[in-house]
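Visitor: Sequence first, then the predicted structure:
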Amino acid sequence: KVSVILPAAGSGTRFGADTNKIFQPLGGRAIFLRSIDLFAARADVCQILLVASAGDITELSKQFGRELADLDVELVEGGSQRSDSVRNALARRDEAAGLVCVHDAVRPCAAAERIDAVFAAAAKTGAAILACPLPWSDHALFAVRARLRLRTHLAWDRPTLPACRAPAEHLNAFAPNFVP
């Protein structure tokens, strides 16, 4: 079984709206609800934890309390950093969960087949991340190596070098060649 953590504790100020981006509509529904929909009906998911700031938890409860209860979503107060927010949610993880999925609450466009593949890979290897192959030029690879200050060459061939969107703290935790 999988415990899903949906971090949404950021302020969303870069988005430029009057309210946090998690409340912005997408197809007539708040964007965070669209992300919850990716996981709510899955038989392999035993828990969904939505991590939000204290102020947003109040607003979430007021505006979406019944729907969150119907979807069996638990609200968790976030921390000052994303890693603190994920840590707070991990402390509330259901013991039945053998895996944890961390998926940003404002990224509702992941295809079910991709989630299936990530869950299957994580079950097999212990960890997985969704990434896609991108074409990279020599110049782009040099820039990536320089930006990340990699001590060694990347282990992938150029045509299949995967790209994903992950905070630097995840790279620190999982990439042994990443030097902050």
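Guide: Done, it's in.
Visitor: what's stretch 83-100 in contact with?
Guide: 1-5, 7, 9, 46-47, 49, 51, 74, 76-79, 102, 119, 122-123, 167, 169 (Cβ atoms under 8 Å, 6 or more residues apart in numbering). The way it works is simple: take the backbone N, C-alpha and C, and place the C-beta from them, glycine included.
Visitor: Flag every buried residue along it.
Guide: By 16 or more other Cβ atoms under 10 Å, the buried positions in stretch 83-100 come out as S85, V86, N88, A89, A97, L99, V100.
Visitor: hang on, the earlier thing: give the ChimeraX command for selecting the buried subset of the contacts of stretch 83-100.
Guide: In ChimeraX syntax, the buried subset of these is picked out as below (16+ other Cβ under 10 Å):
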select :2,3,4,5,7,9,46,47,49,51,76,78,79,102,119,122
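Visitor: Columns pLDDT on top of the buried residues of stretch 83-100, output as JSON lines?
Guide: Output for those, formatted as JSON lines (pLDDT from 0 to 100):
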{"residue": "S85", "pLDDT": "87"}
{"residue": "V86", "pLDDT": "88"}
{"residue": "N88", "pLDDT": "92"}
{"residue": "A89", "pLDDT": "91"}
{"residue": "A97", "pLDDT": "92"}
{"residue": "L99", "pLDDT": "92"}
{"residue": "V100", "pLDDT": "91"}
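Visitor: Just the ones of these in strands?
Guide: In strands, judged by DSSP state E, the following of the buried residues of stretch 83-100 are found: L99, V100.
Visitor: Take the buried residues of stretch 83-100 and lay them out in CSV including distance to R107.
Guide: Converted to CSV, these look like this (distance: Cβ to Cβ, whole Å):
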residue, distance to R107
S85, 15
V86, 15
N88, 20
A89, 16
A97, 21
L99, 19
V100, 16
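Visitor: Only the buried residues of the helix ranked longest in the chain, if you could.
Guide: Scanning the chain for the helix with the most residues, using DSSP state H, yields helix 54-70. Under the neighbour-count criterion of 16+ other Cβ under 10 Å, helix 54-70 has D56, I57, L60, F64, L68 buried.
Visitor: cool, stretch 124-134 as well?
Guide: Taking 16+ other Cβ under 10 Å as the criterion, stretch 124-134 shows A128, L130 as buried.
Visitor: Many thanks, I have nothing further to ask.
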